[in-house]
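Novice: just need the structure, nothing else, for what follows:
(one chain, ligands or ions: 2)
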Amino acid sequence: MQGVKICPSILSANFFNLKKDVYLLKKAGVDIIHLDVMDGHFVPNISFGDVILKSIASNSNMYVDVHLMVSNPLRHIEKFFLKNVLNITFHVECDDDILKCIAAVKNFGCSCGVAINPSTDVSKIKPYINFVDMVLVMTVNPGFAGQKFMPDMLKKVGLLRNFSPMLNIEVDGGVNNKNAGDISRAGANFLVAGSYVFKSGNILRAVKRLKRCCADA
Ligand code: DX5
Ligand code: ZN
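Specialist: Ligands and ions are numbered 1, 2, ... in the order given. Model (predicted):
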């Protein structure tokens, strides 16, 4: 698919030297960082929140794609109404009213995404597709970096792409150079990659490889 964006998830970055990792992403031509917010309730882990986001967004001038893995997005969404936040995504499996969450994000004025877990049927998301800008298809169970990509989830991507040619479709979890081509051919136009980008030993090369896989797809 043309115009695929690579969005590295900084969950796998080196937090002791985050500035260097963000600089290397910039050098690799990345302009969107994926920020995984976890509340220790919707998912077992706790990651980071708006304090880290503020620091990255204001110092790096990168755009931020916020992925809220939280049970109650309505409690948190406003904290992410910050400069350079391009998109805010919450889960269709959360405990809050989805239409209220969509309204809250739209009220801020940025792009709004809704995410779907591997075990959730794509029909659950269909009622909201016309109200959101993006659907995030999880290709691992949320909460942990470094898991194995679930290829079956690409069927969901295909269904969503057929349903709506204009929708932004993001794939998140286990993305690497071996599956990036299939993911973009299935119809996704935003690819999140954490471990592959930050643990491969060469951030620049990893981003370039992912871009090439998508361009060739
Ligand atoms: C998982 C997160 C992902 C994760 C991706 O809960 O939503 O964004 O950081 O990491 P990798 O690419 O290692 O699967
Ligand atoms: Zn994510």
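
Novice: hmm, which helix or strand of this structure has the shakiest average pLDDT?
Specialist: Ranked by mean pLDDT, DSSP states H and E, the helix or strand of the chain with the weakest confidence is helix 50-60, at a mean of 90.

Novice: which residues of this protein fall in helices?
Specialist: 18-27, 50-60, 73-76, 98-108, 154-163, 180-186, 195-198, 203-216 (DSSP state H).

Novice: buried deepest among these, which one?
Specialist: Neighbour counts (mean count of other Cβ atoms under 10 Å) averaged over each of the helices of the chain peak at helix 195-198, with a mean of 24. Where you see a C-beta, it was placed from the backbone N, CA and C, and this is true even at glycine.

Novice: helices or strands next to that helix in the packing?
Specialist: Contact analysis of helix 195-198 by 3 or more Cβ pairs under 8 Å, 6 or more residues apart in numbering; DSSP states H and E lists strand 5-8, helix 203-216 as its packing neighbours.

Novice: adding mean pLDDT and distance to ligand 1, write those out as JSON lines.
Specialist: Shown next, in JSON lines, are these (pLDDT from 0 to 100; distance: least, Cβ to the nearest ligand atom, whole Å):
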{"stretch": "strand 5-8", "mean pLDDT": "98", "distance to ligand 1": "9"}
{"stretch": "helix 203-216", "mean pLDDT": "96", "distance to ligand 1": "11"}
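
Novice: would CSV of the ones you listed with distance to ligand 2 be doable?
Specialist: Listed next are these as CSV, based on distance: least, Cβ to the ion, whole Å:
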stretch, distance to ligand 2
strand 5-8, 9
helix 203-216, 16
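
Novice: possible to save the ones you listed as TSV with distance to Gly158?
Specialist: Output for the helices and strands packed on helix 195-198, formatted as TSV (distance: least, Cβ to Cβ, whole Å):
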stretch	distance to Gly158
strand 5-8	19
helix 203-216	16
